[in-house]
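**Q** Sequence and predicted model, in that order:
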Protein chains: 2
Amino acid sequence: MPSQPQLTGWGLPTVPQNAPMPQSAGPPRKFYTLQRVNGNGGNGKGDGIGGPHKHTLEESDKVKKNSVDRWLIKQEKDKRKEQGGDSSKKSYHKKATGNALATVKSHCKDDSLKLFGSCFCPFVQRAWISLEFKKIPYQYIEVDPYKKPQSLIEINPRGLVPALRHGPTWSTYESTVIMEYLEDLNTGPALLPPDAQTRATCRLWSDHINRHIIPGFYRLLQAQDTNDQVNHATELRNEIGKLVDAADPEGPFFLGRSMGFVDVQMAPWVLRLRRVLGPYRGWPEPEEGTRWATWVDAIEQHPSVKSTTSDDALYLDSYERYAENRPNTSQLANAVNSGRGLP
Amino acid sequence: MPSQPQLTGWGLPTVPQNAPMPQSAGPPRKFYTLQRVNGNGGNGKGDGIGGPHKHTLEESDKVKKNSVDRWLIKQEKDKRKEQGGDSSKKSYHKKATGNALATVKSHCKDDSLKLFGSCFCPFVQRAWISLEFKKIPYQYIEVDPYKKPQSLIEINPRGLVPALRHGPTWSTYESTVIMEYLEDLNTGPALLPPDAQTRATCRLWSDHINRHIIPGFYRLLQAQDTNDQVNHATELRNEIGKLVDAADPEGPFFLGRSMGFVDVQMAPWVLRLRRVLGPYRGWPEPEEGTRWATWVDAIEQHPSVKSTTSDDALYLDSYERYAENRPNTSQLANAVNSGRGLP
């Protein structure tokens, strides 16, 4: 076998010469059919006769508001084009705004615990919320995705944020790993409960968020085909529904009255459902009085969440490149496009 | 919007009517070219003149041994066909063999801690090794994937193993969640070290196994196209290489002399590299004297690993349906085929 000097020592696996022919997996199965709400086809026949209007006036207003939001986004984009801006370029925000900017400013001094982050990144926000919640001293270092500092590459050769350095030599990355680490420091209030069984339940539903809700969020945001968008929206709603069903019935948080591990894991996407999926994909506001609405409100209002959140425009703008599915938007976007798990 | 009685309360997201056209992602980039080891093309010209032989006689022997293994698999399959067996049917083993069978027999009595497992499943083996390592009393319940017991569906509606019931009402699933839970019970020897930073390092590399090594294993096993197999084999070797580079230099285990969390996370696939990827995809034996060889040996020889491992034939047979990429082999196989993350 050929030697592979860049790889240590096992030799390249041989490839069978009699491998069977590739099998076609067939066309993807559709598990949801778009139901027309009115107009031709509404009676299910496509004969030009409209069906009954299936939604209330309040819901009509929401639809219209979403249309207006999208129109405003388009206006803004056209304006940038006229001004000579190149809409094919990625738009990154390199500086937090609003509450998050104030928090960055109060954490700019050197500290032995350094969080490398990007202001728009939801995975960073998980670690950031945890630090704020526990009131652990830290230094926030904003990372420009185009000019990753060497100090980040030393921690994570792939250059992904969040990354954490603690002390002169030790570091780690991956948002869930960082959250478990901060928990193990036993400083400030805990996010995981003391009881082993409830801890496991928290980890089980955090795993559900990571493996079912987050990929669903990006699939919906990046989907350009209307039928795909409907399918992904249905799937995302179902996966969020399972999480809501598993939560404490009273709430407002997952385990009850205090914010905990599952809430922090979910918080950045709760914020982005309203600020990103709302305008780009018509994701609806939670219906008043539901358990979901209670939860969303509690997360939005928590001081550690608010202090790490920028103004709405930052998110709307940062996710435009995802919503238009521009090539090489991020390693995450590429992974979703290629059908891989999150990087 | 149409009401969705089966889903609670948020209304279906509206779909933008002016969604942009789907963008083509272009053909996938090839990052590895098959290098012919001998014969026509070996000189890079394809002119019928052979190039130099690039591997040693020992490696040639391995290649030949793998060819023999594949030939034996084919013989066995043809024999079953002749006997009227239907090779298009899935072959599941419903009973452990060898050392694992002895362990099943000694854990058949009712216990408040019940592990629902399937004898061939690597995710189950992680939980199983942990229980054996910690010497926690437990009852092993073998699950037939075609006749999932109601007691399992009550724990995990998707019917996936491993699932754990502890006490009359509480249960959980997902192998990593189960391993963290057993750790939190503080019974028997610990798999995670006490130091917060080393714990984080263990979790970081466990995450690497789950997100980069395991999907790579199944992509290689399920790939039917020869070029895909070469690409996936290269990728899998690189991802394993990163893990080996991160391990304690002396070993033999990840953190040093004792088996720990990362070793147990990786152990079921270490076993299956030799028993499954070897014969089906020519995955090579570790080269003697390397850090990788030391690690593989230590894992293979550990009593908790041995006591949960069946005879080689069980794995060779159980994974045939993956290697042939038969439709609906498992939820995991479907996820890999559709390009989703692991279920």
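**A** All right, it came through fine. Residues are numbered from 1 along each chain as shown, chains lettered A, B, ... in the order given.
**Q** Pull the number of nearby residues for residue A:158.
**A** 12 (other C-beta atoms under 10 Å in any protein chain shown). To be clear about C-beta, it is placed using only N, CA and C from the backbone, and glycine gets the same treatment.
**Q** ok, it touching residue A:331?
**A** Yes: using C-beta atoms under 8 Å, residue A:158 is in contact with residue A:331, at 7.3 Å.
**Q** where exactly do the helices run in the stretch 51-200 of chain A?
**A** Counting by DSSP state H, counting those that start in this stretch, the segments of the stretch 51-200 of chain A that form helices are A:57-82, A:98-105, A:122-134, A:150-153, A:175-184, A:196-208.
**Q** check contacts around residue A:265.
**A** By C-beta atoms under 8 Å, 6 or more residues apart in numbering or on different chains, the contact set of residue A:265 is A:126, A:176, A:179, A:206, A:209, A:210.
**Q** Please list which of those residues are also close to chain B.
**A** Counting by C-beta under 8 Å from any C-beta of the partner chain, residue A:176 from these sit close to chain B.
**Q** Take the contacts of residue A:265 and lay them out in CSV including pLDDT and neighbour count.
**A** Rendered in CSV, the data for the contacts of residue A:265 read as follows (pLDDT from 0 to 100; neighbours: other C-beta atoms under 10 Å in any protein chain shown):
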residue, pLDDT, neighbour count
A:126, 98, 23
A:176, 98, 20
A:179, 98, 23
A:206, 98, 23
A:209, 98, 18
A:210, 96, 19
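**Q** what's the closest of the contacts of residue A:265 to residue A:245?
**A** Using C-beta to C-beta, residue A:209 comes nearest to residue A:245 of the contacts of residue A:265, at 13.9 Å.
**Q** if I pick the residue lying closest to residue A:126 once chain neighbours are set aside, what's in contact with it?
**A** When the adjacent residues along the chain are set aside, residue A:126 lies closest to residue A:175, with 4.4 Å between them (C-beta to C-beta, 6 or more residues apart in numbering or on different chains). Residues near residue A:175 by C-beta under 8 Å, 6+ apart: A:123, A:124, A:126, A:127, A:162.
**Q** Okay, the residue nearest to residue A:223 when sequence neighbours are not counted and residue A:282: tell me how far apart.
**A** With C-beta to C-beta, 6+ apart as the criterion, residue A:223 has its nearest non-adjacent residue at 4.7 Å, and that residue is residue A:229. Computed as C-beta to C-beta, to the nearest Å, the residue A:229 to residue A:282 distance reads 9 Å.
**Q** before we move on, what about residue A:182?
**A** Taking C-beta to C-beta, one finds residue A:182 at 36 Å from residue A:282.
**Q** what does residue A:112 give?
**A** Residue A:112 is 46 Å from residue A:282, by C-beta to C-beta.
**Q** Residue A:181 too?
**A** 38 Å.
**Q** Check residue A:100 too.
**A** Distance, residue A:100 to residue A:282, using C-beta to C-beta: 26 Å.
**Q** did I read that right, residue A:321 in a helix?
**A** Yes: assigned with DSSP: H, G, I helix; E, B strand; the rest coil, residue A:321 falls within a helix.
**Q** burial of the closest residue to it other than its chain neighbours, as a residue count?
**A** Among residues not flanking residue A:321 along the chain, residue A:329 sits closest, at 4.4 Å (C-beta to C-beta, 6+ apart). By other C-beta under 10 Å, the residues close to residue A:329 number 20.
**Q** re the thing from before, closest one of the contacts of residue A:265 to chain B?
**A** Comparing these against chain B with C-beta to the nearest C-beta places residue A:176 closest, at 7.3 Å.
**Q** Assess the claim that the closest one and residue A:202 are in contact.
**A** No: when contacts are counted by C-beta under 8 Å, residue A:176 is not listed as touching residue A:202 (11.3 Å).
**Q** Torsion angles phi and psi at the residue nearest to residue A:321?
**A** phi -60, psi -50 (degrees, to the nearest 10).
**Q** quick one: it and residue A:119, what's the gap?
**A** For residue A:329, the distance to residue A:119 - C-beta to C-beta - is 16 Å.
**Q** Then residue A:221?
**A** Distance from residue A:221 to residue A:119, counting by C-beta to C-beta: 18 Å.
**Q** what's the answer for residue A:283, then?
**A** 22 Å.
**Q** And residue A:310, by the same measure?
**A** Going from residue A:310 to residue A:119 by C-beta to C-beta gives 6 Å.
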